[in-house]
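1. when you get a sec, could you give me coordinates for this:
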Amino acid sequence: MASLASRLLLRSASNAAASWRAFSTKGPVPPPAFDPTSPVMRTRTEWTGGLTFTGVDGNGKKVDLSVNGEGVSPMQVVLIGLAGCAAVDVVTIFEKQRKTLSGLVVHVDGQRAKEGARPLQTIHLTFKGKGSFTQKELEFAVQLASEKYCGVYATLEPTVALSWQALVE
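-> Here you go, the predicted model:
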């Protein structure tokens, strides 16, 4: 059985390269080799005391995070990010189709595993749209947005059971 130290993320000061160990006893794990032709997203999360943190994106926008109700929980941020990503794509699709969208709300329900790291297992999105379009047109836009264009959906899809519904209000 691996020691606690070998299971935790450690920074080794024993060499100038400052090797990293990542939750295993397999040895140093180098940083990933990013594609130099593609932009790299960068964020920073700062501990602000207790169980609260401030997340800062590359443009300096902030979100307060916590698990005790003082901010948005990290798992809720995942759900909000999924809804925002898909919603942006729905709006863009309707703009390209010259459809009038006067309102869009996305409700997200997510359920986590009961044990371990408690990853998200199931997520359901409900899109409620207002405007001059049919139910079928909204469903088509939501399907394209969710299943083809939304990067967050694509990231979660291999490990999470994702479903959606679209309702015209």
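
2. going by C-alpha atoms from here, please, whenever you check contacts or count neighbours.
-> OK.

3. quick one: the residue minimising distance to the centre of the chain from Gly84, how far?
-> For the chain, Val78 is the residue whose C-alpha lies nearest the centre (CA atoms, centre = their mean; 3.7 Å). From Val78 across to Gly84, the span is 10 Å (CA to CA, to the nearest Å).

4. and if you look at Gly69?
-> Gly69 sits 21 Å away from Gly84, going by CA to CA.

5. Gly131 now?
-> Taking CA to CA as the measure, Gly131 falls 19 Å from Gly84.

6. regarding this protein, what is its longest helix?
-> helix 74-96 (DSSP state H).

7. using CSV, list the CA coordinates for it.
-> Extracted in CSV, the C-alpha atoms of helix 74-96 (Å, rounded to 0.1, in the frame of the first residue of the first chain):
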residue,chain,number,x,y,z
PRO,A,74,-17.2,23.7,-7.2
MET,A,75,-19.6,21.1,-8.5
GLN,A,76,-22.3,23.7,-9.0
VAL,A,77,-19.8,25.7,-11.1
VAL,A,78,-19.5,22.7,-13.4
LEU,A,79,-23.3,22.6,-13.8
ILE,A,80,-23.4,26.4,-14.4
GLY,A,81,-20.6,26.1,-16.9
LEU,A,82,-22.4,23.4,-18.8
ALA,A,83,-25.6,25.4,-18.9
GLY,A,84,-23.8,28.6,-19.9
CYS,A,85,-21.8,26.8,-22.7
ALA,A,86,-24.9,25.2,-24.2
ALA,A,87,-27.0,28.4,-23.8
VAL,A,88,-24.4,30.5,-25.7
ASP,A,89,-24.6,28.0,-28.5
VAL,A,90,-28.4,28.0,-28.6
VAL,A,91,-28.4,31.8,-28.8
THR,A,92,-25.7,31.7,-31.6
ILE,A,93,-27.7,29.1,-33.6
PHE,A,94,-30.9,31.2,-33.4
GLU,A,95,-29.0,34.3,-34.4
LYS,A,96,-27.6,32.5,-37.5
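
8. and it, what's buried?
-> Under the neighbour-count criterion of 16 or more other CA atoms under 10 Å, helix 74-96 has 75, 79, 82-87, 89-91, 93-94 buried.

9. residues touching that helix, excluding its own?
-> Helix 74-96 is contacted from outside by 65-67, 100-101, 104, 106-110, 120, 125, 141-142, 144-146, 149-153, using CA atoms under 8 Å, 6 or more residues apart in numbering.
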